[in-house]
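> Model the following, please.
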Amino acid sequence: MNTSSPKLLPVTSAAPRALVTETVLVLGVSLGASAIYAVLEIIKLLTARVALNEQTAALNQAVTPDRPWLDLAFQLANVGLGVMPALLALHLLTRDDVRARALVGADLRRPGRDFAVGAGLTALAGIPGLGLYVVARSLGLNATVSAAGLEAVWWAVPVLVLAAAKNAILEEVVMLAYLFTRWGQAGWHLATIIGVSALIRGGYHLYQGFGGFVGNVVMGLVFGLVYARTRRVMPLVVAHTLLDVAAFVGYTLLRGHVSWL
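Presented below is the predicted three-dimensional model:
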């Protein structure tokens, strides 16, 4: 039995099996595929001759560092194409019900309140998450995460901010607004939706190690509970963006000055 209130879900005439099949296909071209690659990556790291915490998981790396203009084009293409699965998910929802964006909170009706809630969630998730990373790495359960490897170019920080926003839009729209809606329409129990979504979230972070997996499962549970209560995805997008901006830009500014980075 679905514990979500039916009035909070967009209308659809599709059968439950078709709805679940659709979610599998959307995940298959987005974060589900990332989870599969992340599983393969952690197997590669664990079977290497070097300890896990002595290996590096690199994010936001330069593609053509010797040609900054082309590297910028690569980075912007990655941002633009990266949000496409989220836009596809919203398109599928609004195709069934024009009210869908409002019902999942993917709009700008409450910018001040959404930002305030998102900032609060950033503090709630950010500090424990950083502590978990440090502990997991010291115990040999996590790779060293290189959060940014762009060259010292004028556009590095703006691109990292865009990359953070891209990650937030992709993950929160797909993992919360879309999956919670479709699985709710299919009749799944809310606890099952929250749990499965959180496990998938942790799964596509496995490339970082077990600390990344556990931390993101916990984040998925917290974000899932918040979304289930508010039915607004924008505060979660704000929180995720701020977390990634702090990680990406902070790493760029502090690299070489802090021993545990």
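
> Which residue ranges of this structure form helices?
16-28, 31-46, 68-82, 84-96, 100-104, 111-138, 156-172, 179-185, 190-203, 210-230, 234-254 (DSSP state H).

> Just the CA trace of the fifth one, in CSV.
Provided in CSV are the C-alpha atoms of helix 100-104 (Å, rounded to 0.1, in the frame of the first residue of the first chain):
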residue,chain,number,x,y,z
ALA,A,100,3.8,17.7,-12.4
ARG,A,101,6.5,20.3,-12.0
ALA,A,102,4.5,22.1,-9.3
LEU,A,103,3.5,18.9,-7.6
VAL,A,104,7.2,17.7,-7.3
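
> Which strands or helices does it pack on?
If contacts are counted by 3 or more Cβ pairs under 8 Å, 6 or more residues apart in numbering; DSSP states H and E, helix 100-104 sits against helix 84-96, helix 179-185. All C-beta spots, glycine's among them, are computed from the backbone N, C-alpha and C.

> In CSV: the ones you listed, plus mean pLDDT and distance to residue 225.
Output for these, formatted as CSV (pLDDT from 0 to 100; distance: least, Cβ to Cβ, whole Å):
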stretch, mean pLDDT, distance to residue 225
helix 84-96, 97, 21
helix 179-185, 98, 11
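
> Just name the most buried of those helices.
Mean neighbours per residue, mean count of other Cβ atoms under 10 Å, is largest over the helices and strands packed on helix 100-104 for helix 179-185, with a mean of 24.

> residues in contact with the residue nearest the centre of the chain?
By Cα atoms, centre = their mean, the chain has its centre lying nearest to residue 171, at 3.6 Å. Residues near residue 171 by Cβ atoms under 8 Å, 6 or more residues apart in numbering: 31, 201, 240.

> can you check residue 215 too?
Per Cβ under 8 Å, 6+ apart, neighbours of residue 215: 129, 132-133, 136, 202, 205.

> May I ask which of those has the most neighbours?
Of all the contacts of residue 215, the most densely surrounded is residue 205 (25 neighbours; neighbours counted as other Cβ atoms under 10 Å).

> you'd agree that residue is up against residue 216?
Yes: here residue 205 reaches residue 216: they are 4.3 Å apart, a contact under Cβ atoms under 8 Å.

> which of the contacts of residue 171 lies closest to residue 72?
residue 240 (23.8 Å; Cβ to Cβ).
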